[in-house]
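In: No sequence on hand, only this structure:
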């Protein structure tokens, strides 16, 4: 009980710190809110000192941030979240409406994700039910590539092909059930592929446990065994699912933009750019509350599904001796990636030839040209180094922070929820406010978000691992805490988290590009991959090759990361059977990509 | 059949009203092309900018109201950029500071008459608004009824362009009902235009009905269903699926996806130029500015980057300012171009208009070929403006409306290119330019004012602080069945009495 109270207090402290941080944002970043509000109201208006003074007076800015904040908090107690600085209308109804639309979008995306995940796991479940899994190698290259697909790309393609050209479903708007299908597909497909892959990785372990064997020997129908195996595996995914749910609610900016959905993502993005603090504070608070609810719900669901086994330390490691991954797929993907990079490096990525705009692939330009007639092969090749080095460095930092914080779940759990709930643009703005807009800022801003899923993953793996029988046994033999951590827990957990970090590398690259419009990160004409995707997105229909090339190399990168991760599975050690092949857990939220549409 | 499952199966149905609340409202009626029995179908229009200030007539939303044919002012702009009669039939300058306007017979959409008192009240309230509407920046005016159908407007300083000023959408005339106690102004059912706002769904959509007693005759369309769709691709897509009749401002990148006969180009008063910082950095040297100007091949911008949906840069005023071409003079006082010798400069632009980063990259490429070293910065506009005004960049690619809010050509010259201009990104401070602009500012006669403006333009271009790159055109997507869309270079009208489908 005391533990829960402490967690609650910590959560409240974090939420309060966040809201205060938002309230101080313009003063920390020294960006005049009167100016940003004026520009949001009327982009063409010249910023005369008189106009700015009038706005300052209207908003009461001269009273200072502390006064504004206390007044807002006071109003909150009365159920009044203030008036929007831009439109002057009350914030609460607007935020509630946007939250409703976003929740509905998220729920339909969740349904699609569940279906996709079911399709991905169908084969394993069928084989497992018939006890035909023995020796099957792990595949999943396809689903890993699907999971690396940027949502905004999928959204553009669905909207133009299914919505406009085929005319099967409405291409934009948010007026009824028919309008939810395409956005839900755009969000749900990659997420479902990811979740499905994770589940598919866990299932063989469950089918290999003694109870499954016993059930099969007892003659229980395969369908029931499969159902129990699912029940055994799903709890491990629940924390990720929770993060995914919250991340999608506040961060589906790209999809909201393409389909013109009046959701919370767009509302908070606009408010963040305009520094419309009342809207931003209310939106953030709503998301943080949602995160707390989601965490509570996933905990409850995990307890209902797993029962007391977790508490009593009566679990088996979800492990079975995995055959080593095939060496061929990673080699093939890696060779393709290297070949593309090599071929691109010998060409000029910056040679502008506007006359050659948007040329289809040809012998002279194997990948075609972009809107300024630059060779895409050259741009993809030259972008590889920038993208991989920076994204790699950020991933490494996030991995370190994630594992360290994951070791102290009671401290980091609420922190993970909070960081995950905050829209990525807002995180970037807050980081910029604190760190200034130096060269390291974009990396810091992305890393500030990227560690969270890794920490959540580490924590959930550790909890499972601590509840296994062999740890109990080791403890019984007199092992100390350090010994356990160093020799048993960390070696069991690290490989999975490392694979997870690798899986998220393409996402990190995209997140970096999404900060460009704040003047952070790569600037044009740099051929950084995320930037390539963003700058060619408007031409996706006329010149599909311009987005396909960078999307394909990102997907290849994802595939290399996943398949090569097979080689990272820990070889069996002498003194005991190896611990989990608990799989790489790509966090669901994919937060960084959401803002990409804001770039276009 | 008393299955215990049934109530449980029905339970989700209880959620339905809740879910219905999560959808946007306002889309339903768009499907019904109902004509209300009195002739004419409803028009479905997508506008690019959602109302930012709850449709307050004093900010940017004013343009939106005027584009939809809801509001009108005393005057309007004609095709030549001169003041034309609207609610005022005629006007007269009594002395330096006083004008009188004779009103026509008209009624407000709430049924009351447009009286001089009501007009004077509207103008007075606009003058007292905080912040003041852009058209009234730096102007103090008093308006009063002066007889049966006459309004007298007096300004504190002599104002030779008052009739032009009053054409601004932010000085629209509304009935007394529009003005609430708390200072809010509500244009729903209180304006004078051919269409009457009936319902506003936040920043998502608005419904308008025809106003049958409009002084200019009954509109042909029964009403307008307006949607605000910020994403350009989404607007183009909606037009292609037949969900829309008119889509405003289709981005250049999407223009090619529309059929040729559904897209209309209109030259606008927006000019995209390269501004060179004339008071610090390498471009303080007029010779280097001349070198930069000479290095730019401006023909490629209109042809390639804008794919022909723009006109090559000719001067500060483009072809939409129809009188400018005939009066244009050669730039005066240009310096000799120097060799750049690897001079290192910073170039900045913003990505709110998707073509600008592309333009800036071409500029960078051309300047580098000429021997400059260029570093490019692209940010969101509100994150860039104060740095630009502080002169932190050496060069800046800017898209700017050259007639501003007043329709007066001299306004932009004073704001952008004089020593104490309020929007001096070029940081130009040149005695001759200031003199030429001051000359233009005090000229009252329309023709002479235009001549003086062009003389000042020649001076400014001569300083090479600005290199006009392209004059933008706005691409409006219009479904094949729609006729009578008002394509206005000043972007103040779109739907008029003759628009129908």
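Out: Noted; the coordinates are in hand. Please read all numbers here as calculations on a predicted model, not as lab measurements.

In: residue ranges of the helices in the stretch 51-200 of chain A, please?
Out: Assigned by DSSP state H, counting those that start in this stretch, the helices in the stretch 51-200 of chain A fall at A:65-77, A:91-129, A:141-147, A:151-158, A:177-207.

In: how distant is the first one from the center of its chain?
Out: So that's helix A:65-77. 32 Å (C-alpha atoms, centre = their mean, to the nearest Å).

In: before we move on, what about the fourth one?
Out: Shown here is helix A:151-158, whose average C-alpha point lies 16 Å from the average C-alpha point of the whole chain (C-alpha atoms, centre = their mean).

In: Could you list every helix and strand that it packs against?
Out: With contacts taken as 3 or more C-beta pairs under 8 Å, 6 or more residues apart in numbering or on different chains; DSSP states H and E, helix A:151-158 sits against helix A:177-207, helix A:253-259, helix A:544-565. Using the backbone N, CA and C atoms, a C-beta is placed for each residue, glycine as well.

In: quick one: average pLDDT of it?
Out: Averaging pLDDT along helix A:151-158 yields 84.

In: Now the residue in the stretch 251-400 of chain A that chain B sits nearest to: closest residue in space, sequence neighbours ignored.
Out: Going by C-beta to the nearest C-beta, chain B is nearest to residue A:354 of the stretch 251-400 of chain A, at 3.5 Å. Using C-beta to C-beta, 6 or more residues apart in numbering or on different chains and skipping residues adjacent in sequence, the residue nearest residue A:354 is residue B:304, 3.5 Å away.

In: Can you check the pLDDT for the one you found?
Out: On pLDDT, residue B:304 comes in at 89.

In: Quick one: the helices and strands packed on helix A:151-158 as JSON lines, columns for mean neighbour count, distance to chain B and mean pLDDT too.
Out: Shown next, in JSON lines, are the helices and strands packed on helix A:151-158 (neighbours: other C-beta atoms under 10 Å in any protein chain shown; distance: least, C-beta to the nearest C-beta, whole Å; pLDDT from 0 to 100):
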{"stretch": "helix A:177-207", "mean neighbour count": "24", "distance to chain B": "7", "mean pLDDT": "86"}
{"stretch": "helix A:253-259", "mean neighbour count": "29", "distance to chain B": "5", "mean pLDDT": "86"}
{"stretch": "helix A:544-565", "mean neighbour count": "23", "distance to chain B": "11", "mean pLDDT": "81"}
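
In: Output the lowest mean pLDDT helix or strand found in the chain.
Out: Unless you meant another one, I'm taking chain A. helix A:596-599 (a mean of 32; mean pLDDT, DSSP states H and E).

In: please go with chain B instead
Out: helix B:28-31 (a mean of 44).

In: re earlier: residue contacts, the residue of the stretch 251-400 of chain A closest to chain B?
Out: Residue A:354 sits next to A:372-373, B:300, B:303-305, B:362 when contact means C-beta atoms under 8 Å, 6 or more residues apart in numbering or on different chains.

In: Out of these, which sit inside helices?
Out: B:300, B:362 (DSSP state H).

In: Pretty sure residue A:25 sits against residue A:428.
Out: No - using C-beta atoms under 8 Å, residue A:25 is not in contact with residue A:428, being 11.4 Å away.

In: Could you check which of the two has the larger neighbour count?
Out: Neighbours per residue, other C-beta atoms under 10 Å in any protein chain shown: of residue A:25 and residue A:428, the larger number sits with residue A:428, 28 against 22.

In: Which residues are in contact with residue B:212?
Out: residue B:218.

In: Shouldn't it be within a helix?
Out: No - Residue B:212: not assigned to a helix; according to DSSP: H, G, I helix; E, B strand; the rest coil it is coil.

In: Retrieve the pLDDT associated with it.
Out: The model's pLDDT for residue B:212 equals 94.

In: how about the residues of the stretch 101-250 of chain A near chain B?
Out: When proximity is defined as C-beta under 8 Å from any C-beta of the partner chain, the stretch 101-250 of chain A approaches chain B at A:101, A:103-104, A:156, A:159-160, A:163-164, A:167, A:170-176, A:179.

In: among the residues you listed, which ones are buried?
Out: Buried subset of those (neighbour count, 16 or more other C-beta atoms under 10 Å in any protein chain shown): A:101, A:103-104, A:156, A:159-160, A:163-164, A:170-175, A:179.

In: OK, contacts around the nearest residue to residue A:113 once chain neighbours are set aside?
Out: Counting by C-beta to C-beta, 6+ apart, residue A:192 is the residue found nearest to residue A:113 once chain neighbours are left out, at 3.6 Å. Going by C-beta under 8 Å, 6+ apart, residue A:192 touches A:112-117, A:119-120.

In: what do you get for residue B:463?
Out: B:278, B:286, B:289, B:333, B:428, B:430, B:433 are the contacts of residue B:463 under C-beta under 8 Å, 6+ apart.

In: what does residue B:365 give?
Out: A:350, A:352, A:372.

In: end-to-end on stretch B:98-116?
Out: 16 Å (C-alpha to C-alpha, to the nearest Å).

In: Same check on stretch B:257-268?
Out: Taking C-alpha to C-alpha as the criterion, the two ends of stretch B:257-268 lie 22 Å apart.

In: try stretch B:123-138
Out: 15 Å.

In: any idea of the mean pLDDT in that stretch?
Out: 88.

In: Not counting its own residues, what contacts it?
Out: Contacts of stretch B:123-138 (C-beta under 8 Å, 6+ apart): A:38, A:42, A:44-46, A:48, A:50-51, A:54-55, A:57-58, B:57-59, B:62, B:139-143, B:151, B:153, B:165-166, B:168, B:170-171, B:173, B:179, B:185, B:404-406.
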